[in-house]
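Student: what would the 3D arrangement of this be:
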Amino acid sequence: MSLFINRTEELEFLEAEYARDSSSLVVIYGKRRVGKTELSLKFAAGKPVVYYLSQKMDLERQVEDFLEKAAEQLGTYQPKITKWDAALKFVAEQAVGKSLIIIDEVPYLIEGSSVVMSAFQVAWDLYLKDANVMLVLLGSSVGMMENEVLGYKSPLYGRRSGQIKVEPLKFKHIRHFFPQKDAEEIIRIYGCLGGVPAYLNKFDPNLPFIDNVNKNILHRATFLYDEAIFLLKEELREPTSYELILEAISRGKSRVSEIADETGIPVHNIPKYLRVLIGLGFLSREWPVTLKKTRDIKTGSVYALSDNFMRFWYTYVFPTRSILEINRDAIVSKIANSYDHYLGHVFEEIVKQYFIDLNATGKLPFAFERIGRQWGKARGKPKNANAYEIDLVALNEDSKEILFVECKWQILTGKNAIKILNDLKDKSGAVQWHNEERKEYFAIAAKKVENKAELKEAGVMAFDLEEIFDGVE
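Tutor: Sure, this is the predicted structure:
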């Protein structure tokens, strides 16, 4: 059974737009499988609506197909119309009361004709904006939606009344899919599937994590086995180079030069591939959190897989597909034996989400403006000497307050926790940020911290999985 989780704010916005006495144009976008269609259909339930899932066709055939589906839903005749502006005008006129028109996968329309957004502009300006209509446009190609629909050069620019970028669910929401599982098991699931509802609904809540992976990802006939390749092929004509880049980054090659060396792709071609993958929501570009957006970022930035499923798939499935065909048990054992190490990065992401929630509710010593990873080397040292990395740093430029956080996916005893704290304080000294004026705070987050109370008494924030799991609602 499919679940619909945590889209309250989005639904409230859509309902408010629908309740207006005037027309509204809303754009909903986000990467595939994230729940855009489910959101729009949940909102449309009980309302007179025309919903159309766009097809990859030429312009006239698209219009014909739209009108055919609209006529079925409206119970009316199908007119002989070949232009989008006239088709939208016709549908708006047929509705009793307020018209609700939802057009899904708008990028398919744009691929069919470069002038389609101009036709939508004409329809909006001449017919829809004064007709008490709510037009909702959905799309999965994030880059295309941001450029062709929302962008400054789009014919629809300035006409929308709102937009929703549907993001994957956060760790704190995953428990609703698996209410009988404990926190550690849910972290394992989140590390593999991320917050994509379509993937979470594929896992059997009654099976252990590794059995779900075996059954639902490693079997050739399953939906998730070829999902990563399908996503790339759906968006890209030649996905091979992109696959190599994703695998290289999953192996820890995070800089442009490293990616070029690993893949054999000329270094000057790498940035354009990276931009596309960022636009698709698969990659993120990171830089030390203490850097502002200056020219320093260009040389200091790295790239990371931001999609948990893609990271898991390119780490464990893509490199081993030939072995999977003859010895799947070996891959299952490899995942089982290495997954705790793999989860270190996932745990950092979960802790970051938790601190953002604490920040929003005023439960930290100060309100931070930015949070992220920090790395570099001590000033005055030779290149590559005394390099440091801090899992999370949160800061406020105005108050000059800074929080250093170390994340460990392990059980910390008293001595271990103190050593980690001392190491963190040593690394913090290398961070060049308001050195003479700043006020510092320190925190440790781990799977379990045995002397948590003692650390807190010493003025150090300490969080473990139980606290993070119980404190996220």
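Student: longest single helix anywhere in the chain?
Tutor: helix 328-360 (DSSP state H).
Student: in that helix, what counts as buried?
Tutor: 331-332, 335, 339, 342-343, 345-355, 357-359 (16 or more other C-beta atoms under 10 Å). Where you see a C-beta, it was placed from the backbone N, CA and C, and this is true even at glycine.
Student: kindly report the same for stretch 115-129.
Tutor: Val116, Met117, Ala119, Phe120, Gln121, Val122, Ala123, Trp124, Tyr127, Leu128, Lys129.
Student: okay if I get those as CSV plus secondary structure, distance to Ile418 and pLDDT?
Tutor: Output for those, formatted as CSV (DSSP: H, G, I helix; E, B strand; the rest coil; distance: C-beta to C-beta, whole Å; pLDDT from 0 to 100):
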residue, secondary structure, distance to Ile418, pLDDT
Val116, helix, 63, 93
Met117, helix, 60, 94
Ala119, helix, 67, 94
Phe120, helix, 62, 96
Gln121, helix, 64, 96
Val122, helix, 69, 96
Ala123, helix, 67, 96
Trp124, helix, 63, 96
Tyr127, helix, 70, 94
Leu128, helix, 65, 95
Lys129, coil, 65, 93
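Student: make a markdown table from those and add distance to Val34 to it.
Tutor: Below are these laid out as a markdown table (distance: C-beta to C-beta, whole Å):
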| residue | distance to Val34 |
| --- | --- |
| Val116 | 24 |
| Met117 | 23 |
| Ala119 | 28 |
| Phe120 | 23 |
| Gln121 | 27 |
| Val122 | 31 |
| Ala123 | 28 |
| Trp124 | 26 |
| Tyr127 | 32 |
| Leu128 | 27 |
| Lys129 | 29 |
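Student: what's the closest of the residues you listed to Phe230?
Tutor: Among those, Val116 lies closest to Phe230 (C-beta to C-beta), at 25.1 Å.
Student: quick check: closest non-adjacent residue to that closest one.
Tutor: Excluding the flanking residues, the one nearest Val116 by C-beta to C-beta, 6 or more residues apart in numbering is Leu109, at 4.7 Å.
Student: I figured that neighbour hits Ser54, correct?
Tutor: Yes - here Leu109 reaches Ser54: they are 5.1 Å apart, a contact under C-beta atoms under 8 Å.
Student: okay, those two: which has more neighbours?
Tutor: Comparing Leu109 with Ser54 by other C-beta atoms under 10 Å, the one with more neighbours is Leu109, at 26 against 22.
Student: helices of the stretch 251-400 of the chain, start to end?
Tutor: Along the stretch 251-400 of the chain, counting by DSSP state H, counting those that start in this stretch, helices occupy 256-263, 270-279, 296-300, 308-312, 321-324, 328-360.
Student: now the longest helix of the chain: average pLDDT?
Tutor: Throughout helix 328-360, pLDDT has a mean value of 96.
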